[in-house]
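**Q** model the following, please.
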Amino acid sequence: MAPDAHRRARPRSRRRSTGRRALIISLCVLLGLGAVGVGGLWGIQHWLTSRVEKIDDPFAALPSRPATSATAAPADDADAPMNILLLGSDSRISAGDPSQWEVGAQRTDTIMLVHLPADGEAAYVMSFPRDSWVDIPGHGEGKINAAFSYGGPTLMIQTIEQLTNIRIDHFVIADFESFQQITDAMGGVRITLDQPLTVDGTTIPAGKQQLLTGEQALTWVRERKTLARGDFDRVQRQQAWIRSMVARMRNEGTLSNPAKSVPFLRSVGDAVATDPGLDDQVMSQLQNMAKNLASTDIAFFTVPTDGTGRSPDGTQSIVVLNQEALAALMASVGTDTVDDYLAANADTVDMLPPVVQ
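**A** From the prediction side, this is the model:
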């Protein structure tokens, strides 16, 4: 990929159009942040915020944390950058009723670090493969998705912060099974299929912008065994699903139509749980940060890896992180210069292509 392939062709207008607000809302909703800015449109932001489950503060029990970066406290009134850890769990109780979490009962198939720069001109969605081999505090080395199973949100946050040396500002967990209902509430999602997809006896042919139901989209997103690169391709399917949902909401004005938006936002509220600090005030901050985002301003990629390998005892297939490149990437997150990193190091990350396998 060319070093500037991710560069953004963003409009410079500061006008807050309804379509632009819809994109803000859709991005934040799909990242599990609630309906940022909805209150300014229809007065239902507080309704949705109160509907989203709040877990016990996952940060309170952390024994130590990375320092807040220097760029996180601007001298003027500009917004600070924000880092949000987004998890997609394989268990319905993890988001639908976080109080039912039990040791060993669930893991996280989707792990994304979302970085929102202070200038509000981009959003970066970085995926960590679930089989990434890391140190899990108090448990030794293991696959990164085991951290949630061992110790819930707190241990997962601690593991990510230790691995990246990046301070997580907010935590969101989404029950990805419920995203079937979210997709259906949108009227489906358009995905370009490079091969036919068969679900419950119905086959969707390969081709551009095929409309998938929630069940079909979930089957497509969760497939791994038939993919050439296994979990790496599945991660890109997860990213492509989010990108497609954002594009559909922007292109079709879903959130400017209350008849369509209310069922959709209700489904989101039922699927998402957040830390208690992600409240109306933070959502207003997010709206201000993201008010000028266009769909091309959102970069999706997988963090640097050296491919797959075996665990030290030879019993597990793992993903080997490229520690040097990962450290450089996370240093750019800490200094709010991810765009510069990607321009100079496009070959170290697995960028989401226009069409995925």
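
**Q** what's the closest non-adjacent residue to Met213?
**A** In this structure residue 213 is Thr, not Met. Counting by CB to CB, 6 or more residues apart in numbering, Gly188 is the residue found nearest to Thr213 once chain neighbours are left out, at 5.5 Å. Quick note: C-beta positions are derived from backbone N, CA and C, even for glycine.

**Q** before we move on, what about Tyr124?
**A** With CB to CB, 6+ apart as the criterion, Tyr124 has its nearest non-adjacent residue at 4.4 Å, and that residue is His115.

**Q** quick revisit: ok, the residue nearest to Thr213 touching Gln210?
**A** No - Gly188 lies out of contact with Gln210 (CB atoms under 8 Å); the separation is 9.4 Å.

**Q** which element is Leu211 on?
**A** strand 207-212 (DSSP states H and E).

**Q** residue boundaries of the strands in the stretch 201-350 of the chain?
**A** 202-204, 207-212, 272-274, 298-302, 305-310, 317-321, 350-351 (DSSP state E, counting those that start in this stretch).

**Q** lowest-confidence stretch among these?
**A** Ranked by mean pLDDT, these end with strand 272-274 in last place, scoring a mean of 81.

**Q** neighbouring strands for it, and are they parallel or not?
**A** Looking at strand 272-274 with DSSP bridges, its partner strands are strand 53-54 (parallel), strand 170-175 (antiparallel).

**Q** can you tell me the SS state at the residue nearest to Tyr124?
**A** Applying DSSP: H, G, I helix; E, B strand; the rest coil to His115 yields a three-state assignment of strand.

**Q** all numbers from here: first residue = 7
**A** Taking 7 as the first residue, the last one we looked at is His121.

**Q** could you measure it against Thr204, distance?
**A** 37 Å (CB to CB, to the nearest Å).

**Q** the more surrounded of these two?
**A** Set His121 next to Thr204 and count neighbours by other CB atoms under 10 Å: His121 wins out with 22 against 10.

**Q** for Glu167, which non-adjacent residue is closest in space?
**A** Residue nearest to Glu167 in three dimensions, not counting chain neighbours: Pro72, with 5.5 Å by CB to CB, 6+ apart.

**Q** that neighbour: how many residues sit nearby?
**A** A count of nearby residues for Pro72, using other CB under 10 Å, gives 14.

**Q** identify the residues contacting it.
**A** Counting by CB atoms under 8 Å, 6 or more residues apart in numbering, Pro72 touches 167, 170-173.

**Q** highest neighbour count among those?
**A** Among those, the one with the most neighbours (other CB under 10 Å) is Thr170, at 23 neighbours.
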